[in-house]
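Colleague: sequence and predicted model, in that order:
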Amino acid sequence: MNKTVDAQSEIYKEEARELLVVLEDSLLQLEGSPDDTELIGQIFRALHTIKGSGSMFGFDRIAAFTHEVETFFDRVRNREIHVSKEIIDYTLKAKDYIKLLLEAPTTDEAPCEQELETLIGYFNRLVSEHKATKTQNPSSNASTTILSTQGASLSNTPVGLLTYRIRFSPAAGIFLTGTNPLFLLEELHALGECRIIAQRNAIPSLEEINPEQCYVEWDFILTTDKGIDAIRDVFIFVEDSAETRIETIGDPVDEEGYKKVGEILVERGDIKGEDLKKALDEQRHIGDILVDKGVVARDRVVSALAEQEQIKEVREKKAREEAALSIRVAAGKLDKLVDLVGELVTVQAHLSQKANSQIDPELVVIAEEVERLTGELRDNTMSIRMVPIGSTFGRFTRLVRDLSKELGKEIVMTTEGAETELDKTVIERLSDPLVHLIRNSIDHGIELPAQRESLGKTRKGLIQLSARHVGAQVHIEITDDGAGLDGTRIREKAIEKGLIAPDIEISNRELFALIFAPGFSTAKTVSNISGRGVGMDVVRRTIDALRGQIGIESEKGIGTTITLRLPLTLAIIEGLLVEVDKDYYVLPLSSVEECIELDHTKDTGREEHRFVNLRGHPVPYIRLRERFDIAGDVPDVEQIVVTDSGGNKIGFAVDQVIGEHQTVIKTLSRVYKNADSVSGATILGDGTVALILDVSKLSQVSRSEGSI
Amino acid sequence: MAKCIMTVDDSVSVRQMVSFTLKNAGYDVVEASDGRDALGKLNGSHVNMVITDLNMPNLDGIGLIRAIRSNETYKFVPIVMLTTESQDTKKQEGKKAGATGWIVKPFNPEQLLGVVKKVLG
């Protein structure tokens, strides 16, 4: 932004220099023909522009000084002061002084204070000598109005929630000032809770209507904390072309009960007191009676009813809000609570197992009750840590705006699902990867406007950010309609970097997954935004650490969608419990695709290749028994759990699949920090420890060792 | 289709600032250097709003407002005038001529957009 400000003040300086030349020329000409009104007008305009623009671009000293000269010349223009040689001399001096101010750095003291005082003194003396009938006092009035038109946020201190009754009666000819009353209605509506009732009784019959005239007036019942000035500001431009009446109904919450419709009408002056009394004698809806009697128009009654309704609602809302007060709790306490719930879940599992093995119906009932309660407690505790992702999304709007400007691209970003809730820690750790992915979309994805147009796309690129719940996961998608990934380039690069063999055939999906490999970047030039190839593998690592997955879909020339699939929480996950020789392991259920049998009694192909045929597709598998050096014999029928991590399918051969397991994650002590294929441990119902496997690490390690 | 706003000012810097601000906010902008230029450029083209300075050579702001209001095509177009704090009488004159609103110079981009939003919706 600073750059543009600088550029603009440069433009101003340029312009002021030109104007000063015009000023000098005109002054010199004026000396020859002092009565030339054209010349005087030209001089005045030059001064006026120097002043007006000067104050806009921060040249306050120029503006202040030129204002004095301009005020003086306004008199000359109005023929109150006659041009003399002396005047021209002084004005020329003033012109030189403006020039001096223009070239002086704005931060310094005003140069030549003495000169300034002499000049100002001279012009002021002349002005006051010719003190005319009308004073040209700068109207402080006008300057305050502009301050307030910029909206309620600046000029009004909050005054608490008040309800106002506003009647806005535009003059018939309001349209001829270019005013659209509907915008005023909208503006008012934006101030707070607002009911608008059109008063249509003045509308003539169709043949008498002049469509260029306004026949409607409006009643508003507005509850706002912005203050009455904010309301007046809405109507500031129509002061002359409409009648506006604003009344405060008062803080409606203080009073017991609210006024009757009749009272409101009387208070507004729509009916007289005696009319009300007469009508009250009859036992019907007061509004109906009054309308029937013709003392008041139907719309007026509707408006009064709306007022009643609004007050009632405001009160109810206030009561609700007071009830729904929130409290702030230190995050540490919440963490402790989550830990305790985790322990409880473990103990409960133990209890359930015990109850079932004891065959004691009474104990089973208690255990089931405890199970139900623990489940609820767990869900509730987890939900306390959940916060909407919206605030994180909000930060990216700025990022997109600044970056696209820097790169000369035009980009619109839309967000969806800002209310989607995620664990606080997940959201915090997610911020950097998202920034990186969005930067990538802007830098490599979206093309320059001209290029887009030549491709038949809209000038403006689109980046969509969406979040949504899918089961126990949150899916965050970053979609752009840019150039898409170039499969051929990625392939070349991957071969060059030795990530894949030159003769290997791999699917696009696997190819795209390579961009997350360390040191991988296909950008031809490295920009300061992205392209160093350090980012994407960091993104992947962060997402992995959050037990999430990344998926990429892309079509060349159409766009790219990157999907982050994240668990809702880091503390408890749904896992699949498996067994290998009486040792238990947990695989995160979110990455499990299916379980199949590996029957050694049948011929399943050559054993050493470690591939299993999954509906015609070869899927590599790791035998956990071998991986973890577990002794004992392989059973005749093994189970293979097929998992999917970042688009790569890989199987894990185990002895037995036990089933789903609510897994309370316990981090391993520092001693085990090198055991990177294990992401944690959990305690089973009977006290046994089961290791939680890090699927993507495990497959990575095996891949690099060449064991699959 | 983006709304089109015409900015009329003999000061290039003010015009640039107005134009820059409006374009950034997604409006199309037509620039004119004075009232006469404005009327020439207005002639039949699609303009949703006019922002005009008052002091200009050839045809001043008041004259421009009157001319626009008497033109069948543009008589309902919102017109916002740029005034200075010392021009209260001018402001009255402008309002009488049919100006929709005004902005007091100096103003910042937010104020400008606030007023545009107010009259253009």
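Modeller: Good, I have the coordinates. Residues are numbered from 1 along each chain as shown, chains lettered A, B, ... in the order given.

Colleague: hey, let's count contacts and neighbours off CA atoms from now on
Modeller: Fine.

Colleague: go ahead and confirm A:I573 touches A:I665.
Modeller: Yes. Applying Cα atoms under 8 Å, one finds A:I573 in contact with A:I665, separated by 7.4 Å.

Colleague: show me the beta-bridge partners of the most centrally placed residue in chain B.
Modeller: Nearest residue to the geometric centre of chain B (Cα atoms, centre = their mean): B:I51, 1.2 Å. Here B:I51 shows beta-bridge partners B:T7, B:V80, assigned using DSSP bridges.

Colleague: got the contact list for it?
Modeller: By Cα atoms under 8 Å, 6 or more residues apart in numbering or on different chains, the residues touching B:I51 are B:5-8, B:79-82.

Colleague: the bottom helix or strand of the chain by mean pLDDT?
Modeller: I went with chain A, as the question did not name one. The weakest-scoring helix or strand in chain A, judged by mean pLDDT, DSSP states H and E, is helix A:140-149 (a mean of 35).

Colleague: my question was about chain B
Modeller: Looking across every helix and strand in chain B, the one with the weakest confidence, judged by mean pLDDT, DSSP H and E, is helix B:88-97, at a mean of 83.

Colleague: ok, the residue nearest to the centre of chain B to B:T21 distance?
Modeller: B:I51 is 13 Å from B:T21, where distance means Cα to Cα, to the nearest Å.

Colleague: can you check A:Q8 too?
Modeller: Taken as Cα to Cα, the spacing of A:Q8 relative to B:T21 amounts to 12 Å.

Colleague: can you give me the helices for chain B?
Modeller: With DSSP state H as the criterion, chain B has helices at B:12-24, B:35-42, B:61-69, B:88-97, B:109-120.

Colleague: how far is the least confident helix or strand of chain B from where the chain is centred?
Modeller: Between the centre of helix B:88-97 and the centre of its host chain there is 14 Å, according to Cα atoms, centre = their mean, to the nearest Å.

Colleague: can you check stretch A:376-383 too?
Modeller: 28 Å.

Colleague: check stretch B:17-36 too.
Modeller: Its chain's average C-alpha position is 9 Å from that of stretch B:17-36, according to Cα atoms, centre = their mean.

Colleague: which strands and helices sit next to whichever strand or helix holds A:K333?
Modeller: A:K333 belongs to helix A:331-358 when elements are defined using DSSP states H and E. When contacts are defined as 3 or more Cα pairs under 8 Å, 6 or more residues apart in numbering or on different chains; DSSP states H and E, helix A:331-358 sits against helix A:361-384, strand A:656-664.

Colleague: buried set for it?
Modeller: For helix A:331-358, a neighbour-count test (16 or more other Cα atoms under 10 Å in any protein chain shown) marks A:338-339, A:341-342, A:344-355 as buried.

Colleague: looking at those, spot the one nearest chain B.
Modeller: Within those, the smallest distance to chain B is 46.6 Å, found for A:V338 (Cα to the nearest Cα).

Colleague: okay, now the unreliable bits of chain B?
Modeller: In the prediction, chain B carries residues with pLDDT under 70 at positions B:1, B:85-87.

Colleague: tell me which parts of it are close to chain A?
Modeller: Remark: the part of chain B in contact with chain A comprises B:11-14, B:16-17, B:55-57, B:69, B:75-79, B:84-88, B:95, B:98-108, B:110-111, B:114-115, B:118-121, using Cα under 8 Å from any Cα of the partner chain.

Colleague: selection in PyMOL covering whichever of these are buried, please.
Modeller: Here is the PyMOL selection string for the buried members of these, based on 16+ other Cα under 10 Å:
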select buried, chain B and resi 11+12+13+14+16+17+55+56+57+69+75+76+77+78+79+84+85+86+87+88+95+98+99+100+101+102+103+104+105+106+107+111+115+118+119+120
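
Colleague: so A:L462 is in which element?
Modeller: A:L462 is part of strand A:461-470, with elements assigned from DSSP H and E.

Colleague: which strands and helices sit next to that strand?
Modeller: Using 3+ Cα pairs under 8 Å, 6+ apart as the contact definition, the elements that strand A:461-470 packs against are strand A:411-416, strand A:473-480.

Colleague: contact partners of the next helix or strand after the last one?
Modeller: It refers to strand A:473-480. Where DSSP H and E defines the elements, the next helix or strand beyond strand A:473-480 is helix A:487-496. Surrounding helix A:487-496, the residues in contact under the criterion Cα under 8 Å, 6+ apart are A:500-502, A:508, A:511-512, A:514-515, A:520-522, A:556.

Colleague: also stretch A:87-95?
Modeller: Under the criterion Cα under 8 Å, 6+ apart, residues A:20, A:23-24, A:27-28, A:31, A:69, A:119 lie in contact with stretch A:87-95.

Colleague: can you turn the buried part of the residues you listed into a ChimeraX selection?
Modeller: Typed into ChimeraX, the line below selects the buried ones among these, using 16+ other Cα under 10 Å:
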select /A:20,23,24,27,31,69,119
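
Colleague: of the contacts of stretch A:87-95, which is the nearest to A:E421?
Modeller: For the contacts of stretch A:87-95, the minimum distance to A:E421 (Cα to Cα) is 61.4 Å, reached by A:L20.

Colleague: list the contacts of the closest one.
Modeller: Counting by Cα under 8 Å, 6+ apart, A:L20 makes contact with A:46, A:95, A:99.

Colleague: so what secondary structure elements neighbour the helix or strand where A:L222 lies?
Modeller: Assigned by DSSP H and E, A:L222 falls within strand A:217-224. Here strand A:217-224 is seen to pack against strand A:162-170, strand A:193-199, helix A:298-323 when contacts are counted using 3+ Cα pairs under 8 Å, 6+ apart.

Colleague: listing partners with orientation, what would you give for the second one?
Modeller: Right, the one you point to is strand A:193-199. Strand A:193-199 has these strand partners (DSSP bridges): strand A:217-224 (antiparallel).

Colleague: returning to that earlier point: to A:F57, which of the helices and strands packed on helix A:331-358 lies closest?
Modeller: Each of those has some distance to A:F57 by Cα to Cα; the shortest is helix A:361-384, at 49.9 Å.
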